[in-house]
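Enquirer: show me the folded form of this:
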Amino acid sequence: MANSSALRATLAGQVVGRTREVELVLAALAADRHVLLEGPPGTGKSTLLRAVAQGLGIGFEFVEGNAELTPARLVGHFDPARVLNDGYDPSVFVDGPLISAMRDGSLLYIEEINRIPEETLNVLITVMSEGELNVPRLGRVTATSGFRLVAAMNPFDAVGTARISGAVYDRVCRVSMSYQSAEDEIAIVHRNVADSQVSPDWMSKAVEVVRRTRSHGDLRVGSSVRGAVDFAKVAVSLAELRETKITNPSVGLDAALVALSGRVRVREGNSRTAEDIVTEIWQDIFGRTEGEPGEGKA
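Expert: Numbering: from 1, shown residues only. All right, here's what the predicted structure looks like:
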């Protein structure tokens, strides 16, 4: 790979941490392999893949994975209006993202691949195996050199996801991505919240609140670093609105509730609410103060 050290340095400026993951993805793509990034939401999978595509200077076709992604939406279709006049001529075929990526030798990025229907996955398996696809009435489309599938997926037990078949895993190089270190997550928040009101100490505590949600016994799902970014941004805006400082407990607690209560998932059978648990975590990190609202709602 040409000038790989310079490319790594460029990507380091765009992706906080993730040096090892960036190197693995670059190596797999250089080896002409398809890549699957697997990890919880908010771990930078999309950010990493977009940065790699930009750094390599290659095309990037984005597809949002969901239950409505049919083979026709992925592959493409004949324009019905033009078919009436010209028949099923190749010139009236409207390329979908898969065909576009194959023709152009681009990366086909599928977000949350384990949310798409099995019949659509089967189309991808064929392309990954053969490097070509037979489309009815259009004929055979052969992938141009450089075409690769890069996909991201959340853990299979997340809401709306399913296990993907071994046939998919057998055709990709899998890179596992877990949550980043506290230092990296603080750096991410700092990059997204450039405000003088947010001191390094306050920002560190905000990140710690978010990280605690991932290990709290009453929570099944915690928040990603996006929660910390929203926590800090809302706190800045709320402090301005209330004409006070970000360190005011009512500002910090309300900002945490707004940013995190919808992101976390309480374990089934637990009588506590998400607000109760976020309030408890916030008080453990930031401390209790006199006059603080009992329910955590200022």
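
Enquirer: only C-alpha atoms from now on, for both contacts and neighbour counts.
Expert: Will do.

Enquirer: what's the pLDDT at S145?
Expert: With respect to pLDDT, S145 scores 89.

Enquirer: surely it and G105 touch.
Expert: Yes. Under the criterion of Cα atoms under 8 Å, S145 makes contact with G105 at 5.4 Å.

Enquirer: domains in the protein, by residue range?
Expert: Following automatic domain parsing, one finds the domains of the chain at 4-176, 182-286.

Enquirer: how long is the shortest one from one end to the other?
Expert: Counting by Cα to Cα, to the nearest Å, you get 17 Å between the two ends of domain 182-286.

Enquirer: now that domain, how far from the centre of its chain.
Expert: In terms of Cα atoms, centre = their mean, to the nearest Å, the centre of domain 182-286 is found 20 Å from the chain centre.

Enquirer: low-confidence stretches in the chain?
Expert: 1-5, 13, 156-162, 289-298 (pLDDT under 70).

Enquirer: hey, where'd the helices end up in it?
Expert: For the chain, applying DSSP state H gives helices covering 4-12, 19-30, 45-56, 71-75, 80-86, 97-104, 118-130, 166-169, 182-192, 200-213, 225-242, 249-260, 274-286.

Enquirer: give the other helices and strands that the third one contacts.
Expert: Other elements packing on helix 45-56 under the criterion 3 or more Cα pairs under 8 Å, 6 or more residues apart in numbering; DSSP states H and E are helix 4-12, helix 19-30, strand 107-111, strand 148-153.

Enquirer: mind putting the helices of the chain into JSON lines with mean neighbour count and distance to V63?
Expert: JSON lines is the format used below for these (neighbours: other Cα atoms under 10 Å; distance: least, Cα to Cα, whole Å):
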{"stretch": "helix 4-12", "mean neighbour count": "14", "distance to V63": "22"}
{"stretch": "helix 19-30", "mean neighbour count": "17", "distance to V63": "19"}
{"stretch": "helix 45-56", "mean neighbour count": "18", "distance to V63": "11"}
{"stretch": "helix 71-75", "mean neighbour count": "17", "distance to V63": "8"}
{"stretch": "helix 80-86", "mean neighbour count": "12", "distance to V63": "23"}
{"stretch": "helix 97-104", "mean neighbour count": "22", "distance to V63": "7"}
{"stretch": "helix 118-130", "mean neighbour count": "17", "distance to V63": "12"}
{"stretch": "helix 166-169", "mean neighbour count": "13", "distance to V63": "17"}
{"stretch": "helix 182-192", "mean neighbour count": "18", "distance to V63": "25"}
{"stretch": "helix 200-213", "mean neighbour count": "20", "distance to V63": "29"}
{"stretch": "helix 225-242", "mean neighbour count": "21", "distance to V63": "22"}
{"stretch": "helix 249-260", "mean neighbour count": "23", "distance to V63": "27"}
{"stretch": "helix 274-286", "mean neighbour count": "19", "distance to V63": "32"}
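
Enquirer: and the ones you listed: which comes nearest P155?
Expert: Minimum separation from P155 across these (Cα to Cα) falls at helix 45-56, 12.7 Å.

Enquirer: how near is R140 to N122?
Expert: From R140 to N122 the distance is 17 Å (Cα to Cα).

Enquirer: picking up where we left off before, dump the helices of the chain into JSON lines; add distance to E112 as well.
Expert: JSON lines is the format used below for these (distance: least, Cα to Cα, whole Å):
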{"stretch": "helix 4-12", "distance to E112": "23"}
{"stretch": "helix 19-30", "distance to E112": "17"}
{"stretch": "helix 45-56", "distance to E112": "10"}
{"stretch": "helix 71-75", "distance to E112": "14"}
{"stretch": "helix 80-86", "distance to E112": "30"}
{"stretch": "helix 97-104", "distance to E112": "16"}
{"stretch": "helix 118-130", "distance to E112": "12"}
{"stretch": "helix 166-169", "distance to E112": "14"}
{"stretch": "helix 182-192", "distance to E112": "22"}
{"stretch": "helix 200-213", "distance to E112": "23"}
{"stretch": "helix 225-242", "distance to E112": "17"}
{"stretch": "helix 249-260", "distance to E112": "22"}
{"stretch": "helix 274-286", "distance to E112": "26"}
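
Enquirer: ok, now which ones touch N134?
Expert: Counting by Cα atoms under 8 Å, 6 or more residues apart in numbering, N134 touches R140, V141.

Enquirer: tell me which of S145 and G105 has more neighbours.
Expert: G105 (18 against 13; other Cα atoms under 10 Å).
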